[in-house]
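Trainee: next comes the sequence, and after it the predicted model I'd like to discuss.
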Amino acid sequence: MTYSSNATGILLAAGLGTRFDPSGLHNKLLAALPDGTPVVFHAARRLLSVVAEVVAVVRPGAEKLADVLNEAGCDVIFSADAERGMGATLAAAVRATPEADGWIVALGDMPWIDSATIEAVARALDGGAPLVAPFYRGQRGHPAGFGGGHRAALAALDGDAGARGLFATTPPLVIEVDDPNVLRDVDQPGDLHDA
């Protein structure tokens, strides 16, 4: 780790991934990338390359996923509210980290984001920006950085919109990046191998 952020990392890993496998038998976050690494392990390690502590949120019953995340170095929490959506999951993570000064929120199905991008978001957040997001060619991507002043709003989130409402009312500090992976996730099996 070349830069160590003061922020706490949050890795959201509680989705169902039904577009990846409508049967629900195969969790996309456990699918192997071409190098054999599970998607979520790689996403966690990227986040951990910049922050010392990452809290990963999974749904109840996802013990295998929790094991992979623990092996990656994350603290795992099981959110009973996961079925209510990403907002509820993010709120659970914020409530579980009351000592955090701020959060860098990443998604478990986005394993290719450059560490330099995460570091740029972290440096801006650590520098006092209340809300930070990387943008690639005019599109907002991930991960997002949230200052401690947003604690109450984040802890009250619910539903599947995540923190979209917060971005609608508070313009983020824009970090322009040359990293298309801030927009790239694993949605379907073919995504695992697309360059």
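Mentor: Here it is on my side, so go on.

Trainee: how about the strands in this protein?
Mentor: 8-12, 54-58, 75-78, 102-107, 131-136, 139-140, 144-147, 173-176 (DSSP state E).

Trainee: contacts for the second one, please.
Mentor: Counting by CB atoms under 8 Å, 6 or more residues apart in numbering, strand 54-58 makes contact with 8-14, 40, 44, 47-48, 65-66, 69, 73-79, 82, 89-90, 92-93, 96-97, 108, all of which sit outside it. Bear in mind the C-beta positions are built from the backbone N, C-alpha and C, glycine included.

Trainee: pull up the pairing partners for that strand, direction included.
Mentor: Here strand 54-58 has these sheet partners by DSSP bridges: strand 8-12 (parallel), strand 75-78 (parallel).

Trainee: so which of these is nearest residue 147?
Mentor: strand 8-12 (11.8 Å; CB to CB).

Trainee: can you tell me the average pLDDT over that closest one?
Mentor: Averaging pLDDT along strand 8-12 yields 97.

Trainee: which residues sit against it?
Mentor: Looking at what lies outside strand 8-12 - CB under 8 Å, 6+ apart - the contacts are 40, 43-44, 47-48, 50-51, 53-57, 69, 74, 86, 89-90, 93-94, 97, 100-108.

Trainee: that one: how far from the chain's middle?
Mentor: Offset of strand 8-12 from its chain centre (CA atoms, centre = their mean, to the nearest Å): 5 Å.

Trainee: does residue 150 really touch residue 125, like I thought?
Mentor: No. With contacts counted by CB atoms under 8 Å, residue 150 stays clear of residue 125, the gap being 10.8 Å.

Trainee: so between those two, which is more surrounded?
Mentor: The residue with more neighbours, out of residue 150 and residue 125, is residue 125; 26 against 18, by other CB atoms under 10 Å.

Trainee: residues contacting the more buried one?
Mentor: Shown in contact with residue 125 (CB under 8 Å, 6+ apart): 5, 7, 102, 104, 132, 145, 146, 147.

Trainee: how close does the residue of the chain positioned farthest from its centre get to residue 85?
Mentor: Farthest-out residue of the chain from its mean C-alpha position, per CA atoms, centre = their mean: residue 23, at 24.4 Å. According to CB to CB, to the nearest Å, residue 23 and residue 85 sit 21 Å apart.

Trainee: any chance you could map the helices in the protein?
Mentor: 39-48, 63-72, 86-95, 115-126, 151-155, 164-169 (DSSP state H).
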